[in-house]
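>>> let's see this in three dimensions:
(one chain, ligands or ions: 1)
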Amino acid sequence: MAEAAQYSPAEIAQIRDAFIGMADTGTPVTCPRCGAIMTARAIGGGSFGLGYARKREWLICTSCRRSAIFDVKRGTRT
Ligand SMILES: [Zn+2]
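You can find the predicted model right below:
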């Protein structure tokens, strides 16, 4: 029986914080359920440098296959 591969909202927030922090710390994002390293994919146009402050990220656990999608606000340098 397959369980729904979902994170709770709190876990998604945790993943999001870790992903944002990764830019500073270089620490890979790990799955809050199983501790495996998660891979990130950008969703959407992938248009860097066109002035979009928001970007959607999709993080997938390589072990339990749960995934989390969230918006990331990127600081734009003006
Ligand atoms: Zn996992």
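
>>> and the gap between residue 38 and residue 9?
According to C-beta to C-beta, to the nearest Å, residue 38 and residue 9 sit 17 Å apart. (Glycine included, C-beta is placed from N, CA and C.)

>>> what about the two, which has more around it?
The neighbour count for residue 38 versus residue 9, taken as other C-beta atoms under 10 Å, is higher for residue 38 (21 against 9).

>>> so for the helix or strand where the more buried one lies, what's the average pLDDT?
Using DSSP states H and E, residue 38 maps to strand 38-43. Computed over strand 38-43, the mean pLDDT rounds to 90.

>>> past that strand, which element shows up next along the chain?
That would be, after strand 38-43 and using DSSP H and E, strand 54-61.

>>> touching that following strand from outside, list them.
Contacts to strand 54-61, defined as C-beta atoms under 8 Å, 6 or more residues apart in numbering, come from residues 15-16, 19, 29, 31, 33-34, 36, 38-44, 66-74.

>>> and for stretch 31-44?
Against stretch 31-44 from outside (C-beta under 8 Å, 6+ apart): 7, 11, 14-15, 19, 28-30, 55-64, 66, 68-69.

>>> just the endpoints, please. Distance across it?
Chord length of stretch 31-44, first to last residue, is 23 Å (C-alpha to C-alpha, to the nearest Å).

>>> and it, anywhere near the ion?
Yes - residues of stretch 31-44 contacting the ion under C-beta under 5 Å from the ion: 31, 33, 34, 36.
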